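Trainee: Next come a sequence and a model predicted from it.
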Amino acid sequence: MTSSATPKLRAYVLLAAAGLLAALVLGRPELAALATPFAAWLALGIGLARRPELDIRYQLDRERALQGERVNASIEIESDVALQPLELLLRLPAGLASGSRALALHVRVGEPGRVGIALDCKRWGGYSVGDLQLRARDRFGLRAYDERLDLRHPLRVYPREETVRSLLAPAETQATAGNEVARAKGDGIEFADIRPFVPGDRVRRINWRASARRPGLWVNESHPERNTDVIIFLDSFAEARHGATGTLDLAVRAAGALAARYLRRSDRVGLVSFGGVLRWLEPSMGSVQHYRIVDALLDTDIALSYAWKGADVIPPRTLPPQALVIGLTPLLDERSIVALLDLRARGFDLAIVDVSPLPFLPPARDRLERLSRRVWALRREVLRHEYQQLGVAVAEWRDGEALEQAVEEVRRFRRSARAVRA
Amino acid sequence: MLAIDAWLVSARWEGVIAGTAGAGLGVLALSLALRFSPGVPLGLVCLAGSYAAALESRGVDVDLSATLYAALFFLTAELAYWSLELSPGIQPAPGVVVRRVRFLAVGALAAVALAGLVLAATLEPLPQGLLVQALGVGGALVVLGLIAVLVRRSEPR
């Protein structure tokens, strides 16, 4: 611990010296009597002062928590010198908060001081908590001992999951088995059609009722159950933020919920975090992929960049053919808007959930600002319309609304868009 | 209380004494309000100055109430620095305040005893003269030198 003199030490030296000198000059013993306690305090304090050796144990009660939950940090401090008081400050990263991160405690020799600090997980993310600042004073308050300790432990705060009951069905399915009924005909459970019997057809597939009414034998055809590839395209170029919530928070929550739901039905899910820093996860399935996606989402942040990035920077294996790409974007940055158009132009099955930045704007101050907001909102409307004209389903999702609502809007559009194409 | 006492016991220069004591109180209060620690000794020096002026105005030989005055003066300084040490937003753990108060009470009692000892030593009639005066000056310088040496030794190396 680094040691330094406190202002009190200097002040007491001044008071003792001034008192004794004044007593001599004025010949008043009362002034010497005033100065004596200060001189004695200094002599005792400096004579008995010892640099403390601390033994600190710090731990978090868990390493993972959900957004909004509370995690307890416990700190135990042993010292070879009595410290009264020992001030302790736990520096917290933005996203974590505590009502009592600064504490003063008494540490006796052979009796460790224990404190518990409750940490409120305000925002999702990966944190390391344990930047401790200690300040102790000797018993007489004349010397201060400071130390900064790095005892960081990882803490991962997962975003609250949105409830999604229905999912977007992709236009095309993949070759392996899954839960999505394919549009193509093949071996499966879901009835598709009947057709005339051809040599090689299994007898059990013959539809005897249909065959009785028609000449010849007829067999049932069915749709096979296949899995799908889903790519979650997370726009992290820009966000609108107000206080603790922003469009990126909503997008991450939606991405986590959608990934969990698709993985649960044996689909392969990949992630592209498209922003100042490009991150991607190749599509895969299973609970391991779920953890990978959630961990990747926790590391997502807005990184300011002026470099132009197009869809061509995304590794080709990350975007398999016939994959359904779900864009989660506030439609604020030109680069992500163009990249999504580019993906559509390449023939990807694209759907966009527009995470609306409008609720995060501060209230308009004057008429001109209100007017400019209206113009901006109209431009966003035009942009959405342009996407829809290209066959891309776009639904606006606002903070406070259920994600299910936006997903249902996208589903409705995709149903009608298919009817138009047919 | 120290300022009022100084003003009450004064026989002359009431205005000067009241002014010095008031200035001391003002500086002390302002320093505590603004958390400006260098102002605290200045306020205390003003208070001690008003007391010294009150003593001079009365012209008594030895004021025995100086023992209580010394304890109160010391307690004022300790409480002032305690309030500066308390950082806003820092919650004291249970028991810290009680232990500190107990420690200060013992310190104040020790201050009474020490000041009493000093005054008792002066009550004993000693021979007057230049040599005694020189011994007194030497003693005071030794005390100050000792404090300086201790402070210097406690500096981090």
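Mentor: Noted; the coordinates are in hand.
Trainee: which residues of the chain fall in helices?
Mentor: Went with chain A since none was named. Assigned by DSSP state H, chain A shows helices spanning A:7-26, A:29-48, A:208-213, A:247-264, A:287-298, A:334-345, A:367-389, A:403-421.
Trainee: Chain B, not that one
Mentor: Per DSSP H, chain B carries helices over the ranges B:2-9, B:14-34, B:39-58, B:66-85, B:96-123, B:130-153.
Trainee: Adding mean neighbour count, mean pLDDT and distance to residue A:125, write the ones you listed out as JSON lines.
Mentor: Quick note: C-beta positions are derived from backbone N, CA and C, even for glycine. Converted to JSON lines, the helices of chain B look like this (neighbours: other Cβ atoms under 10 Å in any protein chain shown; pLDDT from 0 to 100; distance: least, Cβ to Cβ, whole Å):
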{"stretch": "helix B:2-9", "mean neighbour count": "18", "mean pLDDT": "62", "distance to residue A:125": "55"}
{"stretch": "helix B:14-34", "mean neighbour count": "17", "mean pLDDT": "86", "distance to residue A:125": "38"}
{"stretch": "helix B:39-58", "mean neighbour count": "22", "mean pLDDT": "86", "distance to residue A:125": "44"}
{"stretch": "helix B:66-85", "mean neighbour count": "21", "mean pLDDT": "89", "distance to residue A:125": "35"}
{"stretch": "helix B:96-123", "mean neighbour count": "16", "mean pLDDT": "87", "distance to residue A:125": "34"}
{"stretch": "helix B:130-153", "mean neighbour count": "13", "mean pLDDT": "74", "distance to residue A:125": "48"}
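Trainee: Save the ones you listed as JSON lines, and put in distance to chain A too.
Mentor: Putting the helices of chain B into JSON lines (distance: least, Cβ to the nearest Cβ, whole Å) gives the following:
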{"stretch": "helix B:2-9", "distance to chain A": "10"}
{"stretch": "helix B:14-34", "distance to chain A": "10"}
{"stretch": "helix B:39-58", "distance to chain A": "4"}
{"stretch": "helix B:66-85", "distance to chain A": "4"}
{"stretch": "helix B:96-123", "distance to chain A": "4"}
{"stretch": "helix B:130-153", "distance to chain A": "4"}
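Trainee: Indicate which one of the ones you listed is closest to residue A:89.
Mentor: Nearest of the helices of chain B to residue A:89, taken as Cβ to Cβ: helix B:66-85 at 14.2 Å.
Trainee: Report the angle between that closest one and helix A:7-26.
Mentor: 150 degrees (axes from the mean of the first three to the mean of the last three Cα atoms, to 10 degrees).
Trainee: What helices and strands are in contact with helix B:66-85?
Mentor: Secondary-structure packing of helix B:66-85 (3 or more Cβ pairs under 8 Å, 6 or more residues apart in numbering or on different chains; DSSP states H and E): helix A:7-26, helix A:29-48, helix B:2-9, helix B:14-34, helix B:39-58, helix B:96-123.
Trainee: which one of the ones you listed lies closest to residue A:133?
Mentor: Counting by Cβ to Cβ, residue A:133 lies closest to helix B:96-123 out of the helices and strands packed on helix B:66-85; the figure is 18.0 Å.
Trainee: Break the chain down into its domains, please.
Mentor: The chain I'm using is chain A. A:2-48, A:54-158, A:185-223, A:226-421 (automatic domain parsing).
Trainee: wait, chain B
Mentor: Using automatic domain parsing, chain B is parsed into the domains B:2-125, B:127-157.
Trainee: and residue A:380, which of the helices and strands packed on helix B:66-85 is closest to it?
Mentor: Judging those by Cβ to Cβ, what sits closest to residue A:380 is helix B:14-34, at 51.2 Å.
Trainee: ok so, going back, and residue A:354, which of the helices of chain A is closest to it?
Mentor: helix A:367-389 (6.5 Å).
Trainee: What residues of the closest one count as buried?
Mentor: By neighbour count on 16 or more other Cβ atoms under 10 Å in any protein chain shown, the buried set for helix A:367-389 is A:380, A:384, A:387.
Trainee: what separates that helix from the chain centre, distance-wise?
Mentor: Distance of helix A:367-389 from the chain centroid (Cα atoms, centre = their mean, to the nearest Å) equals 29 Å.
Trainee: I'd like the helices of chain B written out as TSV, with distance to residue A:324 added.
Mentor: Below are the helices of chain B laid out as TSV (distance: least, Cβ to Cβ, whole Å):
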stretch	distance to residue A:324
helix B:2-9	82
helix B:14-34	64
helix B:39-58	70
helix B:66-85	63
helix B:96-123	61
helix B:130-153	75
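Trainee: hmm, back to that, quick one, which of the domains of chain B gets closest to residue A:33.
Mentor: Proximity to residue A:33, assessed across these by Cβ to Cβ, is greatest for domain B:2-125 (3.8 Å).
Trainee: in the top strand by length along chain A, what's buried?
Mentor: As assigned by DSSP state E, the longest strand anywhere in chain A is strand A:143-158. In terms of neighbour count (16+ other Cβ under 10 Å), strand A:143-158 has its buried residues at A:143-145, A:151, A:155-158.
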